[in-house]
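Colleague: Generate coordinates for the sequence data below:
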Amino acid sequence: MKKRILIILLAVCTAFSPVAAFAEGDTALNQNNGVSFKYTAEGQTAVSGAPEIACKAALLADPVSGKVFYEKNAHEKMYPASTTKILTALVVLENCDLNETVSVSQNAIDLVPWDGSSAYLKAGEKFSVYVLLQALLIRSANEAANALAEYVSGSVDAFVELCNARAAELGCENLHFVNTNGLHDDNHYCTAYDLFLIARECQKHEVFNEIVSSTGFTVPGTDIYPNSDRYFKNTNKLILPQAKNYYYPYCTGIKTGNTTPAGRCLVASCSKDGMDLICVVMGGEINSEGLSERYLDTIALFDYAYNNYSYQVIAEKNAPQGTVHIKKATRKTAELQTLTGAEVEGILPNGFDINSVKATVITDEKLRAPIEQNQVIGTVTFSADGVDYTTKLLAASAVEKPPFAIQNFVVLIIILLLCAAVYVKIMRTANKRRQLITE
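Modeller: Next up, the predicted model:
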């Protein structure tokens, strides 16, 4: 009987144990120090003054957040010409070391038509991956594209399959390539938006940024061709100071393209006052004044963005974001002030009303005392002009548990009363049994 009473009392105590009632939950919050972005376009302000452009398709966007400032037929199928080589470069960078040696095959040269862009590489010449990337992106050498493809995948066709798969991973919506260089084929196409996605992924590689911003390069001499006279200027005139009609001092790259069916295409990047942009134009021509529309349109779009938008602080680091009530905390610390974990900046229209920004706070469902000062307790998302900026939410101060005696006084009283009730019930049952036995 005593053993039975002990088991029941133990079960009751365990059910109401302070350890069980106040166990701390694990937080599943993201611990990095940055700000994540999601472009929704909802609530984006329409900014007047956008230029009328001549190219058939265009997209101007922020490579960080994906925010779009201008678009024209950006999701329509177009021929990309040599802007194809941006995807070729990306796949090579993701699969090769820059110092690896590549031998140029006769097949890589034979696949290039007589009028195709070339760096005049010779069959049997050996170059580093880095040199061939220079030839690919600065000179737009078609044989360099083929040589790199054969090196990575064994054949051009296998490499193209790899390119298409990689583009799909990036979210390219309407891309299908059949070659590495953009030589015309009716089944070789993409959209301006697709090229934007590929270009911003390439920008994660510093060597890519270095190459596409170079004004020119020299193919080094080899045993087969010992001369060092194969010097080529960048085909992108936006970065060439001598190109008077087109030079744009803030331009940092990226790649031109030109075939008769595709027209004149350009994927360009620039940076000014900390504001980075990528502009894609496709289907340009030579205008009545003999000037290339791809350069004129790109410059006009860059100027439009820089004249009408700027980087602005949406929320300072440690900015107050309201209070939350913390369970199982002392009365003095239960109302916790929350803070923004990082400074949040965004590209916003000039004159944008920061006070109109909506903040959404989400705290961890398992949040309870104790909490340390500056502990991550959730996230805060700022919705501003079409972009959601999310960063971590911090505790402004520590949150304490009540001392054990105070915290558990009521619980202990309840446990004692329940134990007493159980004990009385058991004793009554035992007495009744004794009376039945004596009778």
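
Colleague: Compute the first-to-last residue distance for stretch 127-136.
Modeller: For stretch 127-136, the first-to-last residue distance is 12 Å (Cα to Cα, to the nearest Å).

Colleague: Then stretch 307-324?
Modeller: Span of stretch 307-324 from end to end, Cα to Cα: 41 Å.

Colleague: And the contacts of that stretch?
Modeller: With contact meaning Cβ atoms under 8 Å, 6 or more residues apart in numbering, stretch 307-324 is reached by 47, 49, 69, 273-275, 335-350, 352, 354, 357, 359, 361, 363, 367, 377, 380, 382, 384, 389, 393-394, 396. Where you see a C-beta, it was placed from the backbone N, CA and C, and this is true even at glycine.

Colleague: same question, stretch 338-348
Modeller: Outside stretch 338-348, the residues that touch it by Cβ under 8 Å, 6+ apart are 33-35, 62, 65, 67, 275, 309-324, 361, 363, 376-378, 380, 382, 384-385, 387, 389, 391-396.

Colleague: so how far is that stretch off the chain centroid?
Modeller: Between the centre of stretch 338-348 and the centre of its chain there are 17 Å (Cα atoms, centre = their mean, to the nearest Å).

Colleague: Give me the buried positions along it.
Modeller: 338-342, 344, 346-348 (16 or more other Cβ atoms under 10 Å).

Colleague: Just name the closest of those to A144, please.
Modeller: Within the buried residues of stretch 338-348, proximity to A144 (Cβ to Cβ) peaks at I347, which comes in at 35.4 Å.

Colleague: Quick check on the one residue sitting closest to the centre of the chain: phi, psi?
Modeller: Computing the C-alpha centroid of the chain and ranking residues by Cα atoms, centre = their mean puts V64 first, at 6.4 Å. As for V64, its main-chain torsions (degrees, to the nearest 10) stand at phi -80, psi -60.

Colleague: In this structure it contacts L277, no?
Modeller: No - counting by Cβ atoms under 8 Å, L277 is not a contact partner of V64; they are 10.0 Å apart.

Colleague: What is the burial count for the nearest residue to E335 once chain neighbours are set aside?
Modeller: Counting by Cβ to Cβ, 6 or more residues apart in numbering, the nearest residue to E335 once its immediate chain neighbours are dropped is T323, at 5.0 Å. Using other Cβ atoms under 10 Å as the criterion, T323 is surrounded by 12 other residues.

Colleague: could the buried residues of stretch 338-348 be laid out in JSON lines, adding pLDDT?
Modeller: Listed next are the buried residues of stretch 338-348 as JSON lines, based on pLDDT from 0 to 100:
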{"residue": "T338", "pLDDT": "97"}
{"residue": "L339", "pLDDT": "97"}
{"residue": "T340", "pLDDT": "97"}
{"residue": "G341", "pLDDT": "95"}
{"residue": "A342", "pLDDT": "96"}
{"residue": "V344", "pLDDT": "96"}
{"residue": "G346", "pLDDT": "94"}
{"residue": "I347", "pLDDT": "96"}
{"residue": "L348", "pLDDT": "97"}
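
Colleague: what's the following helix or strand after the helix or strand where L336 lies?
Modeller: L336 is located in strand 335-340, with elements delineated by DSSP states H and E. Scanning the chain past strand 335-340 towards its C-terminal end, the next helix or strand to appear is strand 344-349 (assignment: DSSP H and E).

Colleague: Strand partners (parallel or antiparallel) of that next one?
Modeller: Based on DSSP bridges, the pairing partners of strand 344-349 within the sheet are strand 309-315 (antiparallel).

Colleague: quick one: whichever helix or strand comes after the partner strand to chain centroid distance?
Modeller: Heading C-terminal from strand 309-315, the first helix or strand you meet, by DSSP H and E, is strand 320-325. Here the centre of strand 320-325 is set off from its chain's centre by 29 Å, with Cα atoms, centre = their mean.

Colleague: And stretch 269-283, by the same measure?
Modeller: The offset between the C-alpha centroid of stretch 269-283 and the centroid of the whole chain comes to 17 Å, using Cα atoms, centre = their mean.

Colleague: And the average pLDDT for it is what?
Modeller: Per-residue pLDDT over stretch 269-283 has a mean of 97.

Colleague: Give the buried residues for that stretch.
Modeller: With burial defined by 16+ other Cβ under 10 Å, the residues of stretch 269-283 counted as buried are 269-270, 272, 275-283.

Colleague: same deal with stretch 211-224?
Modeller: For stretch 211-224, the buried set under the neighbour-count rule, 16+ other Cβ under 10 Å, comprises 211-214, 217, 219, 222.

Colleague: do the same with stretch 229-244
Modeller: Residues 230, 232-240, 243 are the ones in stretch 229-244 that count as buried (16+ other Cβ under 10 Å).

Colleague: residues touching V112, list them.
Modeller: By Cβ under 8 Å, 6+ apart, the contact list for V112 reads 118, 142-143, 146, 181, 183.

Colleague: Okay, buried residues for stretch 125-136 please.
Modeller: Neighbour-count burial for stretch 125-136, with 16+ other Cβ under 10 Å as criterion, is recorded at 125, 127-136.

Colleague: Which single one of the residues you listed is nearest to R294?
Modeller: For the buried residues of stretch 125-136, the residue nearest R294 by Cβ to Cβ is L136; the value is 19.6 Å.

Colleague: That closest one is in contact with E143, isn't it?
Modeller: No - under the contact definition of Cβ under 8 Å, L136 does not touch E143, with a separation of 9.5 Å.
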